[in-house]
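>>> Build me a structure from this.
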Amino acid sequence: MKYQKPQSFIKADKIPIIDVRSPLEYQKGHIPLAINIPLFTNEERHEIGIIYKKLGKLQAIEKGLGFVGPKMMEIAQKARDISEHNERKVYCWRGGMRSEKMAWLFELIGMQCQVLEGGYKAYRNCQSADFSKIENLIILHGSTGCGKTEILKELSLKGEQVIDLEKLANHRGSAFGFIGNKNKQPTSQQFQNDIHNTLTNLDFSKRIWIEGESMKIGLATLPEALWLRMKKAHVIEIRVERTKRVKRIVKEYGLYPKPELMDSILKINSQFGKQNTQDAVHFLEMGQLEETANLLLKYYDHSYEYTRKRFREQSIFVVKSESGDSKENSDKLLTTLTKYMNLEVA
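You can find the predicted model right below:
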């Protein structure tokens with residue numbers, strides 16, 4: 001049995017990672033790609049916790065042994081069936097009794113185990129330090145409808161390093177953000193873990209692109225350390241003429257059911273204003289999608305101007321474009337960076 005610090009434990013390899021915490025703990029957040037083989041069920045863990053508080057550690061251990069004894073073979077078999085490879089990585093909350101005893105069990109039947117030193121808690125703590133190390137971070141800003149997500153995809157195809165926050169959050173970052181997403185958003189904890197997992201596969205010596213977002217994307221919250229780093233990063237703003245933005249919005253959202261679009265409009269009623277809301281709903285009902293989008297842009301452009309004030313002190317480079325083509329605009333962004341920021345293409 002070997003003990004590994006978080007940076008070594010999560011290093012990409014073919015060794016399966018086993019999370020031995022309860023299903024509820026796993027659902028709140030886990031190391032990406034980890035498989036849950038719980039030592040205790042949610043109910044069993046709850047009962048052991050009560051006994052620990054009321055009667056003490058020894059009685060709690062005895063109760064735990066009673067739960068585990070009958071299912072030891074089943075647990076071991078599940079761990080063996082994961083992969084034909086003989087090694088396993090194991091972790092619990094603090095790298096204590098649960099992960100140690102499960103690793104002991106797995107090694108008893110011939111597997112070799114690595115245990116996460118400090119457990120999941122240590123893994124979570126190490127994220128802040130990693131986010132703080134990002135030096136070459138580029139924030140892409142732009143008004144609604146500029147096609148920032150598509151631009152980031154084009155940049156990725158050109159070999160640029162990109163963290164797609166909206167994809168990881170499964171939300172587009174507005175009142176309309178949930179539309180078209182069949183899957184639920186991850187928990188904030190899992191969202192942060194997934195961002196960190198993406199980051200571990202990137203080269204910190206090269207620039208990393210990320211879209212300008214608020215602290216929350218839908219219900220998922222950004223890691224505080226990353227948010228603070230974003231506030232100090234270089235900012236490049238793409239400006240696309242309004243008519244092109246309207247057409248993009250209609251193209252992206254026009255095929256979705258009207259009731260879903262209407263619900264999203266009603267969500268911003270208090271900020272949008274009663275008359276504007278009524279007009280937008282009317283245009284939508286009449287099938288006048290460009291008029292609907294144009295009216296909504298008044299609200300989102302106003303919100304964006306408020307956001308721009310927050311990054312005025314950062315290095316801001318503006319790229320103006322008459323085109324709505326994401327590939328063309330990604331080329332313009334790279335040209336601007338090379339010319340004015342002395343940052344070579346990755």
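>>> Roughly how far does the residue sitting furthest away from the middle of the chain sit from Ile61?
Distance from the C-alpha centroid of the chain, by C-alpha atoms, centre = their mean, peaks at Leu55 (40.8 Å). Applying C-beta to C-beta, to the nearest Å, the value for Leu55 to Ile61 is 11 Å. Where C-beta positions appear, they are placed from N, C-alpha and C, glycine not excepted.
>>> Over to Met72?
Distance of Met72 to Ile61, computed by C-beta to C-beta: 15 Å.
>>> host element of Asn294?
Asn294 belongs to helix 289-308 when assigned by DSSP states H and E.
>>> Going by neighbour count, which residues of that helix are buried?
Of the residues in helix 289-308, Leu289, Glu291, Thr292, Ala293, Asn294, Leu295, Leu296, Leu297, Tyr299, Tyr300, Ser303, Tyr304 count as buried by neighbour count, 16 or more other C-beta atoms under 10 Å.
>>> Can you verify my assumption that Asn42 contacts Gln27?
No: if you go by C-beta atoms under 8 Å, Asn42 and Gln27 don't touch, sitting 9.6 Å apart.
>>> picking up where we left off before, tabulate the CA atom coordinates of the helix holding Asn294 in PDB.
C-alpha atoms of helix 289-308 as PDB (Å, rounded to 0.1, in the frame of the first residue of the first chain):
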ATOM      1  CA  LEU A 289     -38.000  36.200 -33.500                       C
ATOM      2  CA  GLU A 290     -35.600  38.900 -34.700                       C
ATOM      3  CA  GLU A 291     -37.700  41.600 -33.000                       C
ATOM      4  CA  THR A 292     -37.700  39.500 -29.800                       C
ATOM      5  CA  ALA A 293     -34.000  39.100 -29.900                       C
ATOM      6  CA  ASN A 294     -33.400  42.700 -30.700                       C
ATOM      7  CA  LEU A 295     -35.400  43.800 -27.700                       C
ATOM      8  CA  LEU A 296     -33.700  41.300 -25.400                       C
ATOM      9  CA  LEU A 297     -30.300  42.600 -26.500                       C
ATOM     10  CA  LYS A 298     -31.200  46.000 -25.000                       C
ATOM     11  CA  TYR A 299     -31.400  44.300 -21.600                       C
ATOM     12  CA  TYR A 300     -28.300  42.100 -22.000                       C
ATOM     13  CA  ASP A 301     -26.200  44.900 -23.500                       C
ATOM     14  CA  HIS A 302     -27.000  47.100 -20.500                       C
ATOM     15  CA  SER A 303     -26.000  44.300 -18.200                       C
ATOM     16  CA  TYR A 304     -22.800  43.800 -20.200                       C
ATOM     17  CA  GLU A 305     -21.800  47.500 -19.800                       C
ATOM     18  CA  TYR A 306     -22.200  47.100 -16.100                       C
ATOM     19  CA  THR A 307     -19.900  44.000 -16.300                       C
ATOM     20  CA  ARG A 308     -17.300  45.900 -18.300                       C
END
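>>> next one: the next helix or strand along the chain from it to chain centre, how far?
Beyond helix 289-308 on the C-terminal side, the first helix or strand identified by DSSP H and E is strand 316-321. When C-alpha coordinates are averaged (C-alpha atoms, centre = their mean, to the nearest Å), strand 316-321 and its chain have centres 27 Å apart.
>>> Please, where are all the strands along the stretch 51-200 of the chain?
With strands called from DSSP state E, counting those that start in this stretch, the stretch 51-200 of the chain shows them at 87-91, 112-116, 137-142, 161-163.
>>> For those strands, could you give me CSV that also reports mean neighbour count?
Shown next, in CSV, are these (neighbours: other C-beta atoms under 10 Å):
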stretch, mean neighbour count
strand 87-91, 25
strand 112-116, 21
strand 137-142, 22
strand 161-163, 21
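>>> out of those strands, which comes closest to Leu284?
Closest approach to Leu284 among those (C-beta to C-beta): strand 137-142, 24.5 Å.
>>> List the neighbours of the closest one that are in contact with it.
The contact list for strand 137-142 (C-beta atoms under 8 Å, 6 or more residues apart in numbering) reads 148, 151-152, 207-212, 229-230, 233-240, 307-308, 311, 314, 333, 337, 343.
>>> Just those: which are in strands?
Of these, the ones assigned to strands by DSSP state E are Ile208, Trp209, Ile210, Glu211, His234, Val235, Ile236, Glu237, Ile238, Arg239, Val240.
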